[in-house]
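J.: Below: sequence and its predicted model.
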Amino acid sequence: MPGSPKTVSARRRMVDIIARRGVRDRRVLEAMREVPREEFVDPGFEEFAYEDAALPIAEDQTISQPYIVALMLEAAELSPDDRMLEVGAGSGYAAAVAGRIARRIYGIERLPTLAQAAQGRFRKLGYHNIEIRVGDGTLGWPEAAPFDAILVAAGGPAVPQALKEQLAIGGRLIIPVGSLVPAQTLIKIVRHGEDEFEEEELGGVMFVPLIGEQGWSEDGRRSATNHLPGRSRNLTLPQMIAEIAEPLPNFDDPAFGRLFDRFADRRVVLLGEASHGTAEFYRARAAITRHLIAQHGFVIVAVEADWPDAAVVDRYVRHRDARTDTQPPFQRFPTWMWRNTEVAALIEWMRNHNSGLAEMNRRAGFYGLDIYNMSASIASVLKYLDEVDPQAAKIARERYGCLTPWQREPSTYGRAVLSAGYRKCEEAIVQQCQELLQKQIEYAAHDSDEFLNAAQNARLVASAERYYRIMYYGGPESWNLRDTHMFQTLEHLLEARGPASKAIVWAHNSHIGDARSTEMGSVRGELNVGQLCRERFGSEAALIGFGTHTGTVAAASDWDGEMEIKRVRPSHRDSYERLCHDAGIAKFLLDPQRDEAVRRRLLEPKLERFIGVIYRPETEVLSHYAEASLPQQFDAYVWFDETTALTPLGPEHHRPGLPDTYPFGL
Ligand code: SAM
């Protein structure tokens, strides 16, 4: 097995992950353990060779994600005697893996530099059963046909007829197909007879375009028919949006969730909202979340709520032991953000879904990313240590005592630090966090979920202490600290739930749309969770924004004020919202990847509306609009032309005879 012990074990780990994701074919897994992927990536990317991710290679192309290579090869059902054709050989990695299984591999690559580099690699590695040629693979390789298997590693608008014809009887063709670039459906075609083909869908995938006579043309049009929407005619931007808009079905229709299958292979799917009080945003996110959990194995729902509050819900949805000593969750302003009918329904759904899963690690959890409930976090750490290490609990009590005067009103802490030398709190609190983390092995032996909860609470207290201290000075630092904490919490969750785990994030558009493409980043120096996810996960992160034209919204007029139902003013004439409104479709998914011309037209920055928990229509432009470049900020945008305020849970939602903690039955 080539490679240093470190690369060999990294490769093994990667293959283990692929096996855990469901690839069973032992020949495929064995071949992937043999082929040194680091030899196929571009210089500088070697350290990422064993991340289960697609990576860029020369000429703006990609080396496919190992899991997808495995999935396609498994579907191709290769045997040692087989002859296989690969269209789009790229780096040569998939051909190399196939060559470890099958007798002979024929690879076609349209870009000569890539084909030459792949050939060089095969020579160096002594892989003599692979032949590469430069050409248009949509026409196949007639002289070498028929093939037992054909793999196409680029996405075309339809299945090229030539490839079907070059399949042997019994042969398998695996190809991504779809009118959306780069999102397609992976299709398996088995040839049973001269004109008898059976077709099966294997799921959503993302490939670079298949360019050729029976694929796309160079400029992204369909070669044969030349009819990609929105290009050839002189359309206004709203008309172009309307042409590529995908109307949304009802929330309860399974087709609603399926529209988002194109993001199902991502490690993190971030779902935004343009206000904290709009029912449609919650309903849409719940429908997408249910689909991604039930159909695609997502196990983390991480929301813009406080960690200790969400932890109470997590106990409920994952059927963990309830604690009787915790405060009812979500008592802090704005309570309607989480105490509402939509969230309550999702929580019940998650609990039901999880009840059918015996293994705790397969159950979907509900987690909070935010930092505001410092006092509950302190109480939670102390309670945990009381149980696992009473001596450490005593020390922690003393350390956290430093913050006692501000637990109720932490926003005044910053001023006190300035005037009274309370800086010593920082050191004690950081030390407390470090000590707890250092005892991970000892503590986690009792219960890893409980340890994760305590560790996250200790981290939260450390972040919150800094947050309230620097908030006093103003500037972008406190925002950046909060979003960095939220992102790191997400990372800790992904780590804790395992390398194959996938997460859904619910947070405001201002947190999940890439800050670099908005005024937040370009003018105010603020970063956010969406940006950090893109920097960390690249194309494995999907950032999905939400928007509306008008309607009603649940919001307050001032911080800590009462919730009111307010009317949302019709969108500004220079905003993205107005363009979507003018498209004339009540609700739709806008995926700018569908049409490069539309995407390019949308790039130029425009106003975008941000409503938080406070809405001030009277000063709307100043208070709620900022410039952004929407196609850079989000991977896709979900539109509801008219929206309604969400319904908070009131006393009528209390079940008689149940404690105050209902609706979550906790
Ligand atoms: N399996 C490859 C790997 O692991 O490196 C994947 C390479 S990439 C996803 C797809 C390749 O298809 C690109 O290198 C692109 O140049 C090539 N391609 C696109 N259209 C093609 C065509 N009609 N014929 C041959 N190659 C094509």
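T.: Yes, it's here. Residues are numbered from 1 along each chain as shown.

J.: use CA for all of it now, contacts and neighbours both
T.: OK.

J.: how far does stretch 430-449 stretch from start to finish?
T.: 22 Å (Cα to Cα, to the nearest Å).

J.: same question but for stretch 530-543, I mixed them up
T.: The straight-line separation of the ends of stretch 530-543 (Cα to Cα) is 7 Å.

J.: Stretch 588-601 too?
T.: Terminal residues of stretch 588-601 lie 19 Å apart, using Cα to Cα.

J.: Next, the buried residues of that stretch.
T.: Of the residues in stretch 588-601, Phe588, Leu589, Leu590, Asp591, Pro592, Gln593, Arg594, Asp595, Glu596, Ala597, Val598, Arg599 count as buried by neighbour count, 16 or more other Cα atoms under 10 Å.

J.: Now Met360: closest residue in space that isn't a chain neighbour?
T.: In space, and not counting its chain neighbours, Met360 is closest to Arg318: 7.3 Å by Cα to Cα, 6 or more residues apart in numbering.

J.: What strands line up against the helix or strand containing Thr185, and which way round?
T.: Taking DSSP states H and E as the definition, Thr185 sits inside strand 183-193. Each strand paired with strand 183-193, and its direction, by DSSP bridges: strand 167-177 (antiparallel), strand 196-206 (antiparallel).

J.: before we move on, the earlier item: identify those among the buried residues of stretch 588-601 that sit within strands.
T.: The members of these that map onto strands under DSSP state E are Phe588, Leu589, Leu590.

J.: the helices in the stretch 101-250 of the chain, which residues?
T.: Counting by DSSP state H, counting those that start in this stretch, the stretch 101-250 of the chain has helices at residues 112-125, 161-165, 237-244.

J.: Deepest-packed of the ones you listed, please.
T.: The highest mean neighbour count among these, using mean count of other Cα atoms under 10 Å, belongs to helix 237-244: a mean of 21.

J.: got the CA positions of that helix in PDB?
T.: Extracted C-alpha coordinates of helix 237-244, given in PDB (Å, rounded to 0.1, in the frame of the first residue of the first chain):
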ATOM      1  CA  LEU A 237     -34.200  40.900 -14.700                       C
ATOM      2  CA  PRO A 238     -37.500  40.000 -13.000                       C
ATOM      3  CA  GLN A 239     -38.500  38.100 -16.200                       C
ATOM      4  CA  MET A 240     -35.200  36.300 -16.100                       C
ATOM      5  CA  ILE A 241     -35.800  35.400 -12.400                       C
ATOM      6  CA  ALA A 242     -39.300  34.100 -13.300                       C
ATOM      7  CA  GLU A 243     -37.800  31.900 -16.000                       C
ATOM      8  CA  ILE A 244     -35.500  30.100 -13.600                       C
END
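
J.: who does that helix touch, helix- and strand-wise?
T.: helix 576-582, helix 596-603 (3 or more Cα pairs under 8 Å, 6 or more residues apart in numbering; DSSP states H and E).

J.: circling back to that earlier point, do you know how far the residue nearest to Met360 is from the ligand?
T.: Distance from Arg318 to the ligand, counting by Cα to the nearest ligand atom, to the nearest Å: 39 Å.

J.: With Leu270 instead?
T.: Leu270 is 25 Å from the ligand, by Cα to the nearest ligand atom.

J.: Could you report the neighbour count for that residue?
T.: 29 (other Cα atoms under 10 Å).

J.: cool, Glu194 as well?
T.: Number of residues near Glu194 (other Cα under 10 Å) recorded here: 10.

J.: That one - nearest residue in space that isn't next to it in sequence?
T.: Excluding the flanking residues, the one nearest Glu194 by Cα to Cα, 6+ apart is Ile169, at 7.2 Å.

J.: same deal with Leu346?
T.: Ala286 (6.2 Å).

J.: who's in contact with the one you found?
T.: Glu342, Val343, Leu346 (Cα atoms under 8 Å, 6 or more residues apart in numbering).

J.: filter the residues you listed down to the ones close to the ligand.
T.: Here nothing survives when the contacts of Ala286 are matched to the ligand using Cα under 6 Å from any ligand atom.

J.: Of the residues you listed, which is the nearest to the ligand?
T.: Lowest distance from the ligand to the contacts of Ala286 (Cα to the nearest ligand atom) belongs to Leu346, with 37.2 Å.

J.: Need the phi and psi values for the residue nearest to Met360.
T.: Main-chain dihedrals, Arg318, degrees, to the nearest 10: phi -100, psi 10.

J.: Of the helices and strands packed on helix 237-244, which is nearest the ligand?
T.: The ligand lies closest to helix 596-603 among the helices and strands packed on helix 237-244, at 17.3 Å (Cα to the nearest ligand atom).

J.: Helix 237-244 and that closest one, what's the angle between them?
T.: Interaxial angle, helix 596-603 versus helix 237-244 (axes from the mean of the first three to the mean of the last three Cα atoms, to 10 degrees): 140 degrees.

J.: Enumerate the residues of the stretch 201-350 of the chain near the ligand.
T.: Within the stretch 201-350 of the chain, the positions near the ligand by Cα under 6 Å from any ligand atom are Phe207, Val208, Pro209, Leu210, Ile211, Gly212.

J.: Give the burial count for Asp42, as a bare number.
T.: Count around Asp42 with other Cα under 10 Å applied: 16.

J.: which residue packs closest to it, ignoring adjacent ones?
T.: Leaving aside its sequence neighbours, Asp42 sits nearest to Ile57 (Cα to Cα, 6+ apart; 5.7 Å).

J.: shaky segments in this protein?
T.: Along the chain, segments meeting pLDDT under 70 span 1-2, 179-183, 219-234, 325-326, 418-424, 474, 651-666.

J.: and it, which residues reach the ligand?
T.: By Cα under 6 Å from any ligand atom, the residues of the chain that approach the ligand are 61-64, 87-94, 108-111, 135-138, 153-154, 207-212.

J.: residues touching the one residue in the stretch 351-500 of the chain that gets nearest to the ligand, list them.
T.: The stretch 351-500 of the chain approaches the ligand most closely through Ala500 (20.5 Å), counting by Cα to the nearest ligand atom. By Cα under 8 Å, 6+ apart, the contact list for Ala500 reads Ile17, Arg20, Arg21.

J.: among those, which are in helices?
T.: Among the contacts of Ala500, DSSP state H puts Ile17, Arg20 in helices.

J.: Present the contacts of Ala500 as CSV; the columns should include distance to Thr548 and neighbour count.
T.: CSV is the format used below for the contacts of Ala500 (distance: Cα to Cα, whole Å; neighbours: other Cα atoms under 10 Å):
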residue, distance to Thr548, neighbour count
Ile17, 40, 19
Arg20, 40, 12
Arg21, 37, 14
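
J.: Any chance of the contacts of Ala500 in JSON lines with distance to Ala302 as columns?
T.: Output for these, formatted as JSON lines (distance: Cα to Cα, whole Å):
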{"residue": "Ile17", "distance to Ala302": "22"}
{"residue": "Arg20", "distance to Ala302": "23"}
{"residue": "Arg21", "distance to Ala302": "21"}
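
J.: between the contacts of Ala500, which is nearest Leu607?
T.: Distance to Leu607 across those (Cα to Cα) is lowest for Arg21, with 41.6 Å.
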